[in-house]
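*Asks:* Structure, please.
(2 chains)
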Amino acid sequence: MTQSAEQTAETAPHPPFPKRRTCPFSPPPEYAELRRDEPVSRAVLKVNGKPTWLVTTHEHVKKVLSDSRVSSNLKLPGYPHQFHIPEEMLQQVRLMLLSMDPPDHTAQRRMLIPEFTARRVREMRPRVQEIVDERIDAMLAAGGPVDLVTALALPVPSLVICELLGVPYEDHPQFEEWSANMMNHDLSPEEYGASVAALDAYLDKLVTTKENQPGDDLISRFIEKNREERIADHVDVVTMARLMLVGGHETTANMISLGVLALLEHPEQLEAVRNDPSLLPGAIEELLRTFSISDSGTARVALEDIDLDGTVIRAGEGILALNNAANHDETVFPDPDTFDIHRTEARSHLAFGYGIHQCIGANLARVELEVVYGTLLRRIPGLKLATGLDQLRFKDDAMVYGVYELPVTW
Amino acid sequence: MRLSIDPDKCVGAGQCAMFAPDVFDQGEDGIVELLQEEPPESAHEEVREAADMCPAQVIRLIAHAERP
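*Replies:* Down below sits the predicted model:
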(Lines give C-alpha, C1' and ligand atoms only; values in the text may rest on other atoms or scores of the structure.)
Protein backbone atom coordinates (compact mmCIF):
# COMPACT_ATOMS: atom_id res chain seq x y z
CA MET A 1 0.00 0.00 0.00
CA THR A 2 2.89 2.38 0.67
CA GLN A 3 4.25 1.90 -2.84
CA SER A 4 1.06 2.76 -4.71
CA ALA A 5 0.21 5.76 -2.53
CA GLU A 6 3.71 7.15 -2.88
CA GLN A 7 3.84 6.73 -6.62
CA THR A 8 0.53 8.44 -7.32
CA ALA A 9 1.01 11.44 -9.58
CA GLU A 10 4.76 11.38 -9.03
CA THR A 11 5.70 11.89 -12.64
CA ALA A 12 7.63 15.16 -12.57
CA PRO A 13 10.73 15.21 -10.37
CA HIS A 14 10.22 17.23 -7.22
CA PRO A 15 12.86 19.39 -5.55
CA PRO A 16 14.71 17.77 -2.65
CA PHE A 17 14.20 18.42 1.07
CA PRO A 18 15.85 19.53 3.35
CA LYS A 19 17.08 22.70 1.71
CA ARG A 20 20.26 24.41 2.82
CA ARG A 21 20.64 27.76 4.50
CA THR A 22 23.06 30.02 2.65
CA CYS A 23 23.20 32.61 5.46
CA PRO A 24 23.43 31.41 9.08
CA PHE A 25 20.78 33.95 10.15
CA SER A 26 18.23 33.34 7.40
CA PRO A 27 16.15 30.41 6.17
CA PRO A 28 17.03 28.63 2.93
CA PRO A 29 16.37 31.14 0.11
CA GLU A 30 13.98 28.71 -1.62
CA TYR A 31 11.42 29.26 1.14
CA ALA A 32 10.69 32.82 -0.04
CA GLU A 33 10.21 31.57 -3.62
CA LEU A 34 7.89 28.80 -2.45
CA ARG A 35 5.74 31.17 -0.38
CA ARG A 36 5.41 33.41 -3.44
CA ASP A 37 4.99 30.82 -6.20
CA GLU A 38 3.72 27.63 -4.64
CA PRO A 39 2.91 27.91 -0.93
CA VAL A 40 1.77 24.28 -0.77
CA SER A 41 4.28 22.32 -2.82
CA ARG A 42 5.69 18.86 -3.43
CA ALA A 43 9.22 17.80 -2.46
CA VAL A 44 11.22 14.61 -2.18
CA LEU A 45 12.89 13.64 1.09
CA LYS A 46 16.63 13.32 0.50
CA VAL A 47 16.96 10.58 3.09
CA ASN A 48 14.68 8.05 1.39
CA GLY A 49 13.47 9.54 -1.90
CA LYS A 50 9.85 9.62 -0.72
CA PRO A 51 7.50 12.48 -1.56
CA THR A 52 6.08 14.96 0.93
CA TRP A 53 4.14 18.20 0.93
CA LEU A 54 5.86 21.39 2.08
CA VAL A 55 3.71 24.10 3.63
CA THR A 56 5.44 27.48 3.83
CA THR A 57 3.06 30.32 4.73
CA HIS A 58 2.28 31.39 8.29
CA GLU A 59 -1.46 30.99 7.71
CA HIS A 60 -1.20 27.50 6.21
CA VAL A 61 1.27 26.21 8.79
CA LYS A 62 -1.12 27.30 11.56
CA LYS A 63 -4.03 25.70 9.69
CA VAL A 64 -2.26 22.37 9.22
CA LEU A 65 -0.95 22.16 12.77
CA SER A 66 -4.34 22.90 14.31
CA ASP A 67 -6.32 20.61 11.99
CA SER A 68 -7.75 17.51 13.66
CA ARG A 69 -7.63 15.73 10.28
CA VAL A 70 -3.84 15.41 10.48
CA SER A 71 -1.97 12.76 12.43
CA SER A 72 1.46 12.81 14.06
CA ASN A 73 1.71 9.02 14.04
CA LEU A 74 5.12 8.22 12.58
CA LYS A 75 4.08 4.63 11.84
CA LEU A 76 1.57 5.70 9.19
CA PRO A 77 2.85 4.87 5.68
CA GLY A 78 2.92 8.44 4.32
CA TYR A 79 4.73 9.96 7.32
CA PRO A 80 7.63 12.14 6.09
CA HIS A 81 10.55 10.67 8.00
CA GLN A 82 13.76 12.63 7.95
CA PHE A 83 15.91 9.78 9.16
CA HIS A 84 16.40 6.53 7.41
CA ILE A 85 14.60 4.08 9.67
CA PRO A 86 14.16 0.50 8.42
CA GLU A 87 10.52 -0.63 8.42
CA GLU A 88 11.06 -3.39 11.00
CA MET A 89 12.76 -0.92 13.36
CA LEU A 90 9.92 1.55 12.82
CA GLN A 91 7.22 -0.93 13.75
CA GLN A 92 8.97 -1.59 17.06
CA VAL A 93 9.19 2.09 17.95
CA ARG A 94 7.04 3.10 20.91
CA LEU A 95 5.07 6.25 20.10
CA MET A 96 6.06 9.19 22.26
CA LEU A 97 3.93 12.19 23.16
CA LEU A 98 4.97 14.07 20.01
CA SER A 99 3.92 11.22 17.75
CA MET A 100 0.64 10.38 19.51
CA ASP A 101 -2.80 11.46 18.38
CA PRO A 102 -5.79 12.13 20.65
CA PRO A 103 -7.11 10.61 22.85
CA ASP A 104 -3.79 9.01 23.94
CA HIS A 105 -1.98 12.31 23.40
CA THR A 106 -4.51 14.27 25.44
CA ALA A 107 -4.31 11.84 28.37
CA GLN A 108 -0.51 11.83 28.53
CA ARG A 109 -0.10 15.56 27.92
CA ARG A 110 -2.58 16.36 30.68
CA MET A 111 -0.40 14.39 33.12
CA LEU A 112 2.58 16.56 32.19
CA ILE A 113 1.24 20.09 31.83
CA PRO A 114 1.06 20.86 35.59
CA GLU A 115 4.88 20.57 35.52
CA PHE A 116 5.22 23.39 32.99
CA THR A 117 2.65 26.05 33.91
CA ALA A 118 3.66 29.70 33.73
CA ARG A 119 3.69 29.79 37.54
CA ARG A 120 5.82 26.66 37.92
CA VAL A 121 8.46 27.89 35.50
CA ARG A 122 8.54 31.28 37.24
CA GLU A 123 9.28 29.39 40.47
CA MET A 124 12.21 27.64 38.77
CA ARG A 125 13.79 30.97 37.89
CA PRO A 126 15.95 31.47 41.02
CA ARG A 127 17.48 28.02 40.57
CA VAL A 128 18.11 28.71 36.87
CA GLN A 129 19.84 31.94 37.94
CA GLU A 130 22.10 30.02 40.37
CA ILE A 131 23.03 27.52 37.67
CA VAL A 132 23.83 30.29 35.18
CA ASP A 133 25.87 32.23 37.75
CA GLU A 134 27.92 29.14 38.63
CA ARG A 135 28.72 28.51 34.97
CA ILE A 136 29.69 32.14 34.36
CA ASP A 137 31.86 32.11 37.53
CA ALA A 138 33.66 29.12 36.02
CA MET A 139 34.06 30.87 32.66
CA LEU A 140 35.51 33.97 34.31
CA ALA A 141 37.84 31.87 36.46
CA ALA A 142 39.12 29.93 33.45
CA GLY A 143 39.59 33.07 31.34
CA GLY A 144 38.95 33.37 27.61
CA PRO A 145 38.86 32.13 25.02
CA VAL A 146 36.29 29.44 25.85
CA ASP A 147 33.80 27.48 23.78
CA LEU A 148 30.46 28.93 24.85
CA VAL A 149 28.65 25.74 23.78
CA THR A 150 30.43 23.51 26.29
CA ALA A 151 30.96 26.23 28.92
CA LEU A 152 27.40 27.56 29.11
CA ALA A 153 24.92 26.77 26.33
CA LEU A 154 24.78 23.01 26.83
CA PRO A 155 25.30 22.66 30.62
CA VAL A 156 22.61 25.18 31.65
CA PRO A 157 19.57 23.52 30.03
CA SER A 158 21.06 20.10 30.69
CA LEU A 159 21.34 20.84 34.43
CA VAL A 160 17.85 22.37 34.52
CA ILE A 161 16.16 19.41 32.82
CA CYS A 162 18.17 16.91 34.89
CA GLU A 163 16.99 18.51 38.13
CA LEU A 164 13.40 18.70 36.90
CA LEU A 165 13.34 15.07 35.73
CA GLY A 166 15.48 13.64 38.52
CA VAL A 167 18.26 12.48 36.17
CA PRO A 168 21.78 12.49 37.73
CA TYR A 169 23.73 15.23 35.93
CA GLU A 170 27.02 13.36 36.37
CA ASP A 171 25.81 11.05 33.58
CA HIS A 172 25.59 13.98 31.14
CA PRO A 173 28.57 13.11 28.89
CA GLN A 174 26.74 9.92 27.91
CA PHE A 175 23.20 11.13 27.41
CA GLU A 176 24.30 14.34 25.70
CA GLU A 177 26.19 12.32 23.12
CA TRP A 178 23.29 9.90 22.51
CA SER A 179 20.93 12.85 22.29
CA ALA A 180 23.12 14.74 19.79
CA ASN A 181 23.35 11.58 17.66
CA MET A 182 19.56 11.35 17.58
CA MET A 183 19.40 14.80 15.95
CA ASN A 184 21.96 14.00 13.26
CA HIS A 185 20.59 13.31 9.77
CA ASP A 186 23.86 11.75 8.62
CA LEU A 187 23.90 8.84 11.04
CA SER A 188 23.28 5.34 9.66
CA PRO A 189 20.09 3.60 10.82
CA GLU A 190 22.26 1.27 12.91
CA GLU A 191 24.04 4.17 14.64
CA TYR A 192 20.76 6.00 15.17
CA GLY A 193 19.11 2.86 16.57
CA ALA A 194 22.08 2.20 18.83
CA SER A 195 21.90 5.71 20.33
CA VAL A 196 18.17 5.42 21.01
CA ALA A 197 18.66 1.94 22.51
CA ALA A 198 21.52 3.12 24.73
CA LEU A 199 19.55 6.09 26.03
CA ASP A 200 16.47 3.93 26.60
CA ALA A 201 18.50 1.32 28.49
CA TYR A 202 19.88 4.10 30.70
CA LEU A 203 16.43 5.58 31.33
CA ASP A 204 14.87 2.14 31.80
CA LYS A 205 17.13 1.60 34.81
CA LEU A 206 16.42 5.06 36.14
CA VAL A 207 12.63 4.67 35.80
CA THR A 208 12.78 1.27 37.52
CA THR A 209 14.62 2.87 40.45
CA LYS A 210 11.99 5.61 40.71
CA GLU A 211 9.15 3.07 40.53
CA ASN A 212 10.56 1.53 43.70
CA GLN A 213 11.90 4.65 45.38
CA PRO A 214 10.10 7.77 44.14
CA GLY A 215 11.90 11.09 44.54
CA ASP A 216 10.75 14.71 44.28
CA ASP A 217 10.96 14.95 40.50
CA LEU A 218 8.86 14.92 37.33
CA ILE A 219 9.45 11.26 36.45
CA SER A 220 8.49 10.11 39.97
CA ARG A 221 5.38 12.31 39.99
CA PHE A 222 4.41 10.95 36.55
CA ILE A 223 4.81 7.38 37.84
CA GLU A 224 2.72 8.17 40.95
CA LYS A 225 -0.06 9.83 38.97
CA ASN A 226 -0.04 6.98 36.49
CA ARG A 227 -0.70 4.49 39.28
CA GLU A 228 -4.18 6.07 39.51
CA GLU A 229 -4.77 6.94 35.88
CA ARG A 230 -3.11 3.90 34.28
CA ILE A 231 -2.53 5.41 30.89
CA ALA A 232 1.13 4.47 30.49
CA ASP A 233 3.10 1.28 30.96
CA HIS A 234 6.77 1.12 31.97
CA VAL A 235 8.01 1.53 28.37
CA ASP A 236 5.74 4.56 27.89
CA VAL A 237 7.31 6.18 30.96
CA VAL A 238 10.82 5.51 29.60
CA THR A 239 9.79 6.96 26.22
CA MET A 240 8.27 10.03 27.90
CA ALA A 241 11.47 10.52 29.92
CA ARG A 242 13.56 10.30 26.74
CA LEU A 243 11.44 12.95 25.01
CA MET A 244 11.68 15.30 28.02
CA LEU A 245 15.44 14.79 28.42
CA VAL A 246 16.33 15.21 24.74
CA GLY A 247 13.71 17.88 24.03
CA GLY A 248 14.65 19.76 27.18
CA HIS A 249 18.29 20.40 26.56
CA GLU A 250 19.25 20.03 22.90
CA THR A 251 16.89 22.73 21.60
CA THR A 252 17.54 25.32 24.32
CA ALA A 253 21.29 24.73 24.09
CA ASN A 254 21.27 25.56 20.38
CA MET A 255 19.13 28.65 20.95
CA ILE A 256 21.52 29.94 23.64
CA SER A 257 24.56 29.74 21.33
CA LEU A 258 22.78 31.10 18.26
CA GLY A 259 21.20 33.92 20.27
CA VAL A 260 24.53 35.04 21.72
CA LEU A 261 26.03 34.94 18.24
CA ALA A 262 23.19 37.00 16.73
CA LEU A 263 23.46 39.62 19.47
CA LEU A 264 27.26 39.84 19.05
CA GLU A 265 26.76 40.32 15.32
CA HIS A 266 24.27 43.16 15.98
CA PRO A 267 26.17 45.27 18.54
CA GLU A 268 23.72 48.19 18.57
CA GLN A 269 20.85 45.90 19.48
CA LEU A 270 23.03 44.12 22.04
CA GLU A 271 23.80 47.51 23.63
CA ALA A 272 20.10 48.38 23.67
CA VAL A 273 19.27 45.15 25.54
CA ARG A 274 22.16 45.63 27.96
CA ASN A 275 21.00 49.16 28.76
CA ASP A 276 17.34 48.24 29.05
CA PRO A 277 16.71 44.65 30.18
CA SER A 278 12.96 45.15 29.68
CA LEU A 279 13.74 44.73 25.96
CA LEU A 280 14.97 41.20 26.59
CA PRO A 281 11.67 39.26 26.33
CA GLY A 282 10.96 40.86 22.96
CA ALA A 283 14.51 40.16 21.81
CA ILE A 284 14.06 36.50 22.75
CA GLU A 285 10.89 36.19 20.66
CA GLU A 286 12.78 37.74 17.73
CA LEU A 287 15.67 35.30 18.23
CA LEU A 288 13.24 32.37 18.32
CA ARG A 289 11.62 33.65 15.13
CA THR A 290 14.88 34.36 13.36
CA PHE A 291 16.41 30.92 13.87
CA SER A 292 13.32 28.67 14.06
CA ILE A 293 15.69 25.86 14.95
CA SER A 294 13.25 22.97 14.62
CA ASP A 295 11.99 24.01 11.18
CA SER A 296 10.88 20.58 10.00
CA GLY A 297 10.07 19.08 13.40
CA THR A 298 6.40 19.30 12.52
CA ALA A 299 5.82 16.22 10.36
CA ARG A 300 2.23 15.13 9.83
CA VAL A 301 0.11 12.77 7.74
CA ALA A 302 -3.28 13.77 6.32
CA LEU A 303 -6.03 11.45 7.58
CA GLU A 304 -8.56 12.92 5.14
CA ASP A 305 -8.29 15.05 2.01
CA ILE A 306 -7.38 18.59 3.09
CA ASP A 307 -7.90 21.58 0.81
CA LEU A 308 -5.46 24.44 1.39
CA ASP A 309 -6.61 27.35 -0.81
CA GLY A 310 -7.22 25.05 -3.76
CA THR A 311 -4.33 22.62 -3.33
CA VAL A 312 -5.63 19.28 -2.12
CA ILE A 313 -3.46 17.14 0.12
CA ARG A 314 -4.84 13.60 -0.17
CA ALA A 315 -5.51 11.29 2.76
CA GLY A 316 -2.37 9.30 3.53
CA GLU A 317 0.09 11.90 2.22
CA GLY A 318 2.86 13.38 4.36
CA ILE A 319 3.16 17.06 5.24
CA LEU A 320 6.01 19.17 6.62
CA ALA A 321 4.63 22.42 8.04
CA LEU A 322 7.88 24.41 8.00
CA ASN A 323 8.04 26.84 10.89
CA ASN A 324 11.16 28.61 9.64
CA ALA A 325 9.29 29.36 6.41
CA ALA A 326 6.20 30.51 8.34
CA ASN A 327 8.32 32.70 10.61
CA HIS A 328 9.76 34.54 7.61
CA ASP A 329 6.42 35.11 5.92
CA GLU A 330 6.59 38.75 4.83
CA THR A 331 2.83 39.20 5.17
CA VAL A 332 3.14 38.69 8.95
CA PHE A 333 6.74 39.80 9.56
CA PRO A 334 7.66 42.70 7.24
CA ASP A 335 11.27 42.58 6.03
CA PRO A 336 11.55 39.11 7.61
CA ASP A 337 15.29 38.59 7.17
CA THR A 338 16.13 41.69 9.18
CA PHE A 339 16.90 40.91 12.81
CA ASP A 340 15.06 43.52 14.87
CA ILE A 341 14.54 43.11 18.61
CA HIS A 342 11.97 45.94 18.51
CA ARG A 343 9.70 44.02 16.13
CA THR A 344 6.26 44.16 17.74
CA GLU A 345 4.81 41.15 15.92
CA ALA A 346 7.67 38.77 16.79
CA ARG A 347 5.54 36.85 19.32
CA SER A 348 3.37 35.52 16.53
CA HIS A 349 6.19 33.18 15.52
CA LEU A 350 5.59 29.44 15.37
CA ALA A 351 9.05 28.38 16.53
CA PHE A 352 7.52 26.23 19.28
CA GLY A 353 5.07 24.71 16.84
CA TYR A 354 1.32 25.24 17.00
CA GLY A 355 -1.74 23.16 17.79
CA ILE A 356 -2.01 20.33 20.30
CA HIS A 357 1.68 19.42 20.05
CA GLN A 358 3.04 22.90 20.71
CA CYS A 359 6.20 22.63 22.82
CA ILE A 360 5.18 21.92 26.40
CA GLY A 361 8.43 23.44 27.69
CA ALA A 362 8.19 26.72 25.76
CA ASN A 363 7.82 28.91 28.83
CA LEU A 364 10.66 27.11 30.63
CA ALA A 365 12.85 27.70 27.58
CA ARG A 366 11.93 31.39 27.66
CA VAL A 367 12.94 31.67 31.32
CA GLU A 368 16.25 29.92 30.63
CA LEU A 369 17.02 32.15 27.65
CA GLU A 370 16.13 35.29 29.58
CA VAL A 371 18.38 34.40 32.51
CA VAL A 372 21.28 33.28 30.31
CA TYR A 373 21.31 36.26 27.93
CA GLY A 374 20.59 38.79 30.69
CA THR A 375 23.28 37.50 33.04
CA LEU A 376 25.88 37.01 30.33
CA LEU A 377 25.50 40.57 28.99
CA ARG A 378 25.61 42.02 32.51
CA ARG A 379 28.51 39.99 33.89
CA ILE A 380 30.75 39.80 30.82
CA PRO A 381 30.25 43.16 29.11
CA GLY A 382 33.32 42.73 26.91
CA LEU A 383 32.12 39.45 25.40
CA LYS A 384 33.16 38.98 21.78
CA LEU A 385 33.73 36.25 19.20
CA ALA A 386 37.19 34.71 19.41
CA THR A 387 37.05 33.63 15.78
CA GLY A 388 35.65 34.84 12.48
CA LEU A 389 32.00 34.19 11.68
CA ASP A 390 33.18 32.30 8.59
CA GLN A 391 35.09 29.84 10.81
CA LEU A 392 31.96 28.61 12.59
CA ARG A 393 30.41 25.28 11.67
CA PHE A 394 26.62 25.36 11.65
CA LYS A 395 24.36 22.32 12.10
CA ASP A 396 22.96 22.47 8.59
CA ASP A 397 22.32 18.75 8.48
CA ALA A 398 20.74 18.24 11.86
CA MET A 399 17.08 18.05 12.91
CA VAL A 400 17.73 21.00 15.19
CA TYR A 401 19.76 23.91 13.83
CA GLY A 402 22.66 25.29 15.83
CA VAL A 403 26.38 25.90 15.91
CA TYR A 404 28.83 23.17 16.90
CA GLU A 405 31.31 25.43 18.72
CA LEU A 406 31.20 29.11 19.60
CA PRO A 407 34.66 30.36 20.69
CA VAL A 408 34.28 33.58 22.70
CA THR A 409 36.56 35.78 24.75
CA TRP A 410 36.35 39.11 26.62
CA MET B 1 -14.65 43.16 25.00
CA ARG B 2 -15.93 40.02 26.62
CA LEU B 3 -14.01 36.74 26.73
CA SER B 4 -14.94 33.11 26.79
CA ILE B 5 -12.67 30.07 26.98
CA ASP B 6 -13.08 26.40 26.20
CA PRO B 7 -11.04 24.56 28.88
CA ASP B 8 -11.82 21.17 27.30
CA LYS B 9 -9.69 22.07 24.28
CA CYS B 10 -6.83 23.58 26.35
CA VAL B 11 -3.42 21.92 25.86
CA GLY B 12 -1.78 23.82 28.72
CA ALA B 13 0.87 25.59 26.66
CA GLY B 14 0.54 28.45 29.15
CA GLN B 15 1.27 31.23 26.71
CA CYS B 16 -1.81 33.17 27.78
CA ALA B 17 -0.79 32.99 31.46
CA MET B 18 2.75 34.01 30.53
CA PHE B 19 1.87 37.01 28.37
CA ALA B 20 -1.42 38.21 29.91
CA PRO B 21 -1.13 37.09 33.55
CA ASP B 22 -3.78 39.54 34.80
CA VAL B 23 -6.42 37.98 32.57
CA PHE B 24 -5.46 34.29 32.33
CA ASP B 25 -4.14 31.79 34.84
CA GLN B 26 -3.60 28.05 34.90
CA GLY B 27 -5.10 25.82 37.57
CA GLU B 28 -3.25 23.08 39.44
CA ASP B 29 -3.96 20.84 36.47
CA GLY B 30 -2.36 23.34 34.08
CA ILE B 31 -5.64 24.09 32.32
CA VAL B 32 -6.54 27.71 31.52
CA GLU B 33 -8.63 29.75 33.96
CA LEU B 34 -10.19 33.09 33.12
CA LEU B 35 -9.49 35.76 35.74
CA GLN B 36 -11.41 38.58 34.04
CA GLU B 37 -14.32 38.00 31.74
CA GLU B 38 -14.37 41.65 30.73
CA PRO B 39 -10.78 42.88 30.80
CA PRO B 40 -10.17 46.64 30.87
CA GLU B 41 -9.35 48.43 27.65
CA SER B 42 -5.68 48.67 28.67
CA ALA B 43 -5.42 44.87 28.47
CA HIS B 44 -7.18 44.44 25.13
CA GLU B 45 -4.05 44.34 23.03
CA GLU B 46 -2.37 41.62 25.09
CA VAL B 47 -5.63 39.66 25.24
CA ARG B 48 -5.90 39.75 21.45
CA GLU B 49 -2.31 38.60 21.24
CA ALA B 50 -2.92 35.79 23.73
CA ALA B 51 -5.95 34.64 21.74
CA ASP B 52 -3.91 34.68 18.55
CA MET B 53 -1.01 32.78 20.13
CA CYS B 54 -3.11 30.11 21.83
CA PRO B 55 -2.11 26.93 19.97
CA ALA B 56 -5.43 25.23 20.69
CA GLN B 57 -7.57 28.26 19.82
CA VAL B 58 -9.30 28.13 23.19
CA ILE B 59 -9.80 31.87 23.73
CA ARG B 60 -12.78 33.55 22.10
CA LEU B 61 -13.26 37.30 21.95
CA ILE B 62 -16.82 38.54 21.90
CA ALA B 63 -17.45 42.13 20.86
CA HIS B 64 -19.81 44.07 23.11
CA ALA B 65 -22.25 44.38 20.24
CA GLU B 66 -22.80 40.63 20.41
CA ARG B 67 -24.01 40.81 23.99
CA PRO B 68 -27.68 40.09 24.58
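*Asks:* Look at the closest residue to chain B within the stretch 101-250 of chain A and say how many residues are nearby.
*Replies:* Chain B sits closest to residue A:113 of the stretch 101-250 of chain A, with a gap of 3.1 Å, by Cβ to the nearest Cβ. Where you see a C-beta, it was placed from the backbone N, CA and C, and this is true even at glycine. For residue A:113, the neighbour count with other Cβ atoms under 10 Å in any protein chain shown is 19.
*Asks:* What residues does the stretch 101-250 of chain A have near chain B?
*Replies:* Within the stretch 101-250 of chain A, the positions adjacent to chain B are A:109, A:110, A:113, A:114, A:115, A:116, A:117, A:118, A:119, A:121 by Cβ under 8 Å from any Cβ of the partner chain.
*Asks:* which residues sit in contact with the first one?
*Replies:* What that stands for is residue A:109. Shown in contact with residue A:109 (Cβ atoms under 8 Å, 6 or more residues apart in numbering or on different chains): A:97, A:356, A:360, B:11, B:12.
*Asks:* moving C-terminal of the helix or strand where it lies, what's the next helix or strand?
*Replies:* Secondary structure from DSSP states H and E places residue A:109 in helix A:104-112. Sequence-wise, the next helix or strand downstream of helix A:104-112 (DSSP H and E) is helix A:118-142.
*Asks:* in chain B, which residue is closest to the centre?
*Replies:* For chain B, the residue nearest the mean C-alpha position is residue B:59 (4.7 Å; Cα atoms, centre = their mean).
*Asks:* quick one: buried residues of the helix or strand residue A:312 falls within?
*Replies:* According to DSSP H and E, residue A:312 maps onto strand A:311-313. Buried positions in strand A:311-313, judged by neighbour count with 16 or more other Cβ atoms under 10 Å in any protein chain shown: residue A:313.
*Asks:* Please pull up the helix or strand immediately following it.
*Replies:* That would be, after strand A:311-313 and using DSSP H and E, strand A:318-321.
*Asks:* Pairing partners for that next one, with directions?
*Replies:* strand A:51-55 (parallel), strand A:299-302 (antiparallel) (DSSP bridges).
*Asks:* And the shortest one, what's buried?
*Replies:* Yep, that's strand A:299-302 we're talking about. Buried residues in strand A:299-302 (16+ other Cβ under 10 Å): A:299, A:300, A:301, A:302.
*Asks:* from these, which is closest to residue A:365?
*Replies:* residue A:299 (20.8 Å; Cβ to Cβ).
*Asks:* show me the contacts for the closest one.
*Replies:* Taking Cβ under 8 Å, 6+ apart, one finds A:72, A:74, A:79, A:80, A:81, A:82, A:318, A:319, A:320 in contact with residue A:299.
*Asks:* confidence score at it?
*Replies:* As predicted, residue A:299 sits at a pLDDT of 97.
*Asks:* give me the beta-bridge partners of it?
*Replies:* residue A:320.
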